[in-house]
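Trainee: Predicted model and sequence below, questions to follow.
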Amino acid sequence: MSSIGTSKGILEIVKFGVYVSVPIGLMYLFANNNKNLQKIMGHREYVVYPTETVRPQSPEELREMAKEIARKRERDQAMRG
């Protein structure tokens with residue numbers, strides 16, 4: 001083997017080692033210390049639940065509202081035309 005091929009092979013092995021070890025090292029550094037983890041993730045709310053008072057309308061209520069709007073439109077068109 002030539003020296004160029006061997007050095008490229010070693011470079012690829014080193015690059016692979018860096019690509020694998022950097023994320024693992026960062027996760028160990030940040031996730032292992034609970035204070036760091038809270039400092040990073042504590043400022044964000046990942047799941048926001050709606051309040052108990054606000055309730056989406058049921059499909060039946062939406063259908064009734066749509067029918068009422070359609071009746072009003074028909075009545076308005078009948079009055080105009």
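Mentor: That came through fine.

Trainee: Is the residue nearest the centre of the chain in a helix, a strand, or coil?
Mentor: Residue closest to the average C-alpha location in the chain (CA atoms, centre = their mean): residue 46, at 8.2 Å. Per DSSP: H, G, I helix; E, B strand; the rest coil, the secondary structure class of residue 46 is coil.

Trainee: Next, residue 55: phi, psi?
Mentor: Taking degrees, to the nearest 10, you get phi -130, psi 130 for the backbone angles of residue 55.

Trainee: what about it, distance to residue 26?
Mentor: 43 Å (CB to CB, to the nearest Å). Quick note: C-beta positions are derived from backbone N, CA and C, even for glycine.

Trainee: same check, this time on residue 69
Mentor: To residue 26, residue 69 is 55 Å away according to CB to CB.

Trainee: Heading C-terminal from the helix or strand encompassing residue 22, find the next helix or strand.
Mentor: Taking DSSP states H and E as the criterion, the element that holds residue 22 is helix 3-32. With elements assigned by DSSP H and E, the helix or strand that comes after helix 3-32 is helix 34-41.

Trainee: got the contact list for that next one?
Mentor: The contact list for helix 34-41 (CB atoms under 8 Å, 6 or more residues apart in numbering) reads 29, 30, 31.

Trainee: List buried members of the residues you listed by neighbour count.
Mentor: Of all the contacts of helix 34-41 considered here, none is buried according to neighbour count by 16 or more other CB atoms under 10 Å.

Trainee: how about those in a markdown table, adding distance to residue 63 and pLDDT?
Mentor: Shown next, in a markdown table, are the contacts of helix 34-41 (distance: CB to CB, whole Å; pLDDT from 0 to 100):
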| residue | distance to residue 63 | pLDDT |
| --- | --- | --- |
| 29 | 55 | 84 |
| 30 | 51 | 79 |
| 31 | 49 | 79 |
